[in-house]
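>>> just to be clear, the model below is a prediction. Sequence and coordinates:
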Amino acid sequence: MPHGDPMNEYLRCISQQIRWKKAHPTVLWELKSHLQDQQQAYIQEGMDPDAAMEQAIREMGDPVMVGTQLDRVYRPRVPWGTMVTALLLTAAGFYLRFSLEQSFSPGNILGVLFLCCAAFLGAVKLDVTVLLKTQWVYGVYLAGAVVLRFFPLPWNLSLRLTPYFLLLMAPLSCVSLIHHLRDRQIAGLWLCFGLTVIPLIVLYSTLSLLLLLEILLLMLYAIFRGGFPLRSIRTQLQQAAGLCTVVLLPILLLFLRFREDERFDAILHPQRYPNSLGYLYLHLRKFLSMAKPLGPMEEVEQLERYLPFSGADRLFTWSVCHFGWIPALILPLCMVVLLTKAVLLCRKQSGFLTKLCCVSILLTWGMQLLLSMTANLGIVLISSIPFPFLGSKLSAAVNMMLLGLLVSCFMRQGLREKNAAPHTAKTRLVIRKTQNGVDFQIRWR
Amino acid sequence: MAIDKSLQTGSTAMLLLQLLEEEDMYGYQMIETLTARSNNVFSLKAGTLYPLLHQMEKSGLVTSYEKSAGLSRVRKYYSITPKGTKQLQQKRQEWETFSGAVNLVLGRGRYATW
C-alpha cells in the first residue's frame, strides 16, 4: 500500500490494529469502497476531491477504534473440539494397534505421526476456495487415474495407492467441477457427474462403488441447495431421479444377471461355501456374539486362526474380542462425535463452495466409517477398508489432510476469497441473426 | 434533535436487519437510507457500521456477496438470512414491549408501532 495518500494512510492505520493478517484484504477493500462512495457524494455536493476524501475519513471515525473493533471480530478461530476429537481417535487407534499388532513398532508410530502432521498442516495452510476454483484439481484426478491404471508403478504402488487416491480426489474433484459447471444448469449437472465418474470406472475397485454413491449424494445436495440454478422444484426432482436411476439401474441389472450365479448363492448360503467371504463372516459374527462387555474373550486363539490380524482393516473386530465391547466402542463413538462436529462446522459455512467442500469431507468420513464398521461386524459382504484415521500411513494421512481442509474452511470463514468473481447477473443478452436483421433477447439464467 | 447515543446502541443491529429485510444493500447505502428514513436522527458512522455488519455476518444473521457497480467497481452487498429474519422478529417484539412500557411510564399510554 503506497504511503502519503490520506486514504491509504488511514487504512494502514486500521490494518495495524487487526492482528490476523489474512483478514486485512477483506476489511480494507470494503472500507476503501465506502470511502470512495462517500468522497464521490461530497464531490457532487461541490467539494474538491482532496477535501472530500478528508471529510470522508473524518466521517468514518478514529482508525485505532475502528481497527480495534474489527480486530475483535476477526480473530482466527480454531475448531479445537474437532481437532481434539480427531487426536483422541488417532491416539486410541495407535494404542490398540500397538497392543494387537506385533510388527507395529514405535518407529512405525513416529512415521505415521510425521506423515499425518505434514498432511494436516499442509492442508490447513491451503486456501481451499482458491484450490477448488482451479481446473488443476480435476486435471490431477484424471491424470492420476490414467497413470495408476495404465502405467504400472514399481513395488506394486499402483494397487496400493489407488484407494487412497480415489478417496481424496473423487469428492474434491466433484466439488471443483460443480463450481465450474454450475452455470450450465442441467447440461453442467450431467457433465459434472460424467466427468467425476470416468476416473472411478477407469480405476474400478470396491471403493469405486461406494464413492459413486457418495458422488450421487453430493450431487443431490448440490441440486437441492441451489448449486445448479434449476428453475423449479419439479426440475430439481426430475434431475435427482435421473441421477439416482443412472447410478442404481446398473446395480439392479448386475443383480438380475448374477442372481443364478454361484457367487450370488454364496452370499445367500455362505455355509455351503467354506472359502467364501460370507463363510468367514459367519464365524466373525459368532465370535462377536461370544465377546464380553469388558475384557478378552476365552476363544481368542480360535479367532486368530479364523481371522488373522490384517492391520487396521479388522481393528474393531479384534478390539472387541481382545478388550471387550465397551473399550472397542470408543472408536466408533469418537468418530460419531467427530462427524457431528463436522456437521456443525459445515452448517456455519456461508460460502457455497466451502459448504460443499465440508459436505464432501463429511460424506467421505461417513462412507469410510460405514464400510469399515459393517465389514468389521460381518453385516455386509465387502472386504473391509481401514477405520478412518486409524489405517495405514497413507489412509491416516488422507484423513488428516481432509481434517486440515475442514479446519482451513472454518478458519477462513467470512474472509474475502482471493480473485473473487463479482456476483453474476441472472439474465444474459442473446443476439441472433434473423432474416429481418438482428434479434435481441434477454434470457433468464 | 440530537439524541443520546446510548439509546441507539442496542437497537442498531435491529435497524440494519430491518433495512436488509426490505432489500439487499451495501454499507454506504445502509447509512444513507438510515439517515434519510430517520430524518437525520440516526447518523451511523461507517466505523461503527462495518464491525457490526461483519459481526452479524459471523453470527449468521446476514450473508454477503459481491456485485459489479460500474466498470471497475465491485461492491459488497449484504442480505438477511432466515436466522436474521427470526432475530429481527424477536427484537421487534422486545422493542414494542419496551417502548410501550416507556410510553406508559411517560404518561402517553400508547405503544410505538413500526
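Okay, I see it. Predicted model, so just to flag it, every value in this text is computed and none were measured.
>>> and residue B:70, how far from residue A:204?
52 Å (C-beta to C-beta, to the nearest Å). Just so you know, the C-beta spots here come from the backbone N, C-alpha and C atoms, and that holds for glycine as well.
>>> so which of the two has more stuff around it?
residue A:204 (13 against 7; other C-beta atoms under 10 Å in any protein chain shown).
>>> dump the residue contacts of the residue of chain A found nearest chain B.
Here chain A gets closest to chain B at one residue, residue A:61, 3.0 Å apart by C-beta to the nearest C-beta. Applying C-beta atoms under 8 Å, 6 or more residues apart in numbering or on different chains to residue A:61 gives the contacts B:45-48.
>>> try it again with 7 Å
Taking C-beta atoms under 7 Å, 6 or more residues apart in numbering or on different chains, we find residue A:61 in contact with B:45, B:47.
>>> and if you look at residue A:293?
Counting by C-beta under 7 Å, 6+ apart, residue A:293 touches A:324-326.
>>> pretty sure it belongs to a helix, no?
No. Applying DSSP: H, G, I helix; E, B strand; the rest coil, one finds residue A:293 to be coil, outside a helix.
>>> any idea how far residue A:373 is from it?
According to C-beta to C-beta, residue A:293 and residue A:373 sit 18 Å apart.
>>> can you pull the pLDDT of residue 87?
With no chain named, the answer covers chain A. For residue A:87, the model assigns a pLDDT of 85.
>>> wrong one, I was asking about chain B
With respect to pLDDT, residue B:87 has a value of 92.
>>> quick check: residues of chain B near chain A?
With C-beta under 7 Å from any C-beta of the partner chain as the criterion, chain B meets chain A at residues B:27-28, B:45-47, B:50-51, B:54-55, B:57-58, B:60, B:63, B:65-68, B:74-76.
>>> run the last query once more with 8 Å
Within chain B, the residues that sit near chain A (C-beta under 8 Å from any C-beta of the partner chain) are B:26-28, B:45-48, B:50-51, B:54-55, B:57-58, B:60, B:63-68, B:73-77.
>>> quick one, which of these are buried?
Buried members of those, counted by 16 or more other C-beta atoms under 10 Å in any protein chain shown: B:26-28, B:46-48, B:50-51, B:54-55, B:57-58, B:60, B:63-64, B:66-67, B:74-77.
>>> and the residue of chain B that's closest to chain A?
Across chain B, the shortest distance to chain A (C-beta to the nearest C-beta) belongs to residue B:47, at 3.0 Å.
>>> domains in chain A, as residue ranges please.
Per automatic domain parsing, the domain ranges recorded for chain A read A:6-76, A:80-411.
>>> any idea how far the shortest one is from the chain center?
The reference is to domain A:6-76. In this view, domain A:6-76 has its centroid 37 Å away from the chain centroid, taken as C-alpha atoms, centre = their mean, to the nearest Å.
>>> before we move on, what about the longest one?
Here the centre of domain A:80-411 is set off from its chain's centre by 11 Å, with C-alpha atoms, centre = their mean.
>>> what about that domain, start to end distance?
Here the two ends of domain A:80-411 are set 11 Å apart, with distance taken as C-alpha to C-alpha, to the nearest Å.
>>> also the shortest one?
The distance separating the two terminal residues of domain A:6-76, taken as C-alpha to C-alpha, comes to 29 Å.
>>> state the next helix or strand along the chain beyond the helix or strand of chain B with the lowest mean pLDDT.
One helix or strand of chain B scores below all others by mean pLDDT, DSSP states H and E: helix B:5-9, with a mean of 63. Using DSSP states H and E, the next helix or strand after helix B:5-9 towards the C-terminus is helix B:12-22.
>>> tell me which helix or strand comes right after that next one.
Moving toward the C-terminus from helix B:12-22, the next helix or strand (DSSP H and E) is strand B:25-26.
>>> give me the helices and strands touching that next one, please.
Strand B:25-26 sits against strand B:74-80, with contacts defined as 3 or more C-beta pairs under 8 Å, 6 or more residues apart in numbering or on different chains; DSSP states H and E.
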